[in-house]
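Colleague: here is my input; please provide its structure:
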Amino acid sequence: MLALIEAAGWPIWFLIACSVVALALMVERALSLRRSRVAPKGLLEELLARRERQPLSYDLLDRLAAGSALGRILATGIRHESGGPAAMRQAMQEAGQTVAHELGRYLTALGTVASIAPLLGLFGTVIGMIEIFAASSPGSASANPQQLAQGISIALYNTAFGILIAVPAMIAYRHFRARVDGLLVLMEQQASSLVNYCVVAAERS
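Modeller: Numbers count the residues shown, from 1 in each chain. Presented below is the predicted three-dimensional model:
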């Protein structure tokens, strides 16, 4: 590994930093965007079953809001139930905007890494080309083979490493963006179901 870094030259350190950042962001988002953590299955059904048995306490709503992003939206809707369906929808929409912002956290940074990694690889390629031209400058009697080989190594390794970082980072960015969109649609459906249930329950009573 050290021999590879030495062959790639000093520009490789920028790409190594990008790879560390990209890996950290991918791991963090993979853990944070799990369905069980954001929108657990059966949460709405469990909440409505509890509501059928007894009034929901503030303590229960606080625990619900702290448990998951979906729980926060549903708890917000229940707290505004007395204001009618319009108040519930408005409150849950505002809570959903906050949740959407939190779910999209760090995705811009991951997309930025995917975008700049090839550029940093290109920068290393330029540095390698400068080394090559310096090795075969007109003022020298003959090309310096060692400097020429070093320039070629810098150019090729940086180009390859930049692409190697950019491809998985871009795949991860698009994957997590699609997951966020899917979770937001799911939570919007759950919120609408809660409003419809409360409207029907109010009509029955």
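Colleague: can you find the helix or strand in the chain with the smallest mean pLDDT?
Modeller: Least confident helix or strand, the chain: helix 2-8 with a mean of 74, by mean pLDDT, DSSP states H and E.
Colleague: keeping just the C-alphas, turn that one into CSV.
Modeller: Presented in CSV, the C-alpha positions along helix 2-8 are these (Å, rounded to 0.1, in the frame of the first residue of the first chain):
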residue,chain,number,x,y,z
LEU,A,2,2.8,2.4,0.9
ALA,A,3,4.5,1.6,-2.4
LEU,A,4,1.3,2.4,-4.3
ILE,A,5,1.0,5.7,-2.5
GLU,A,6,4.6,6.5,-3.2
ALA,A,7,4.2,5.6,-6.9
ALA,A,8,1.1,7.8,-7.1
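Colleague: and it, which residues are buried?
Modeller: For helix 2-8, a neighbour-count test (16 or more other CB atoms under 10 Å) marks Ala8 as buried. Every residue, glycine included, has its C-beta placed from N, CA and C.
Colleague: and the residue most central in space within the chain, how far is that from Arg179?
Modeller: Geometric centre of the chain, nearest residue: Leu107, 3.5 Å, by CA atoms, centre = their mean. As judged by CB to CB, to the nearest Å, Leu107 and Arg179 stand 10 Å apart.
Colleague: now do Gln147
Modeller: Taking CB to CB, one finds Gln147 at 48 Å from Arg179.
Colleague: now swap in Gly121 and tell me
Modeller: Distance, Gly121 to Arg179, using CB to CB: 28 Å.
Colleague: more neighbours: which of these two?
Modeller: Here Gly121 and Arg179 are compared on neighbour count by other CB atoms under 10 Å; more neighbours surround Gly121, at 25 against 18.
Colleague: nearest residue to that one in space, please, no chain neighbours.
Modeller: In space, and not counting its chain neighbours, Gly121 is closest to Gly162: 1.9 Å by CB to CB, 6 or more residues apart in numbering.
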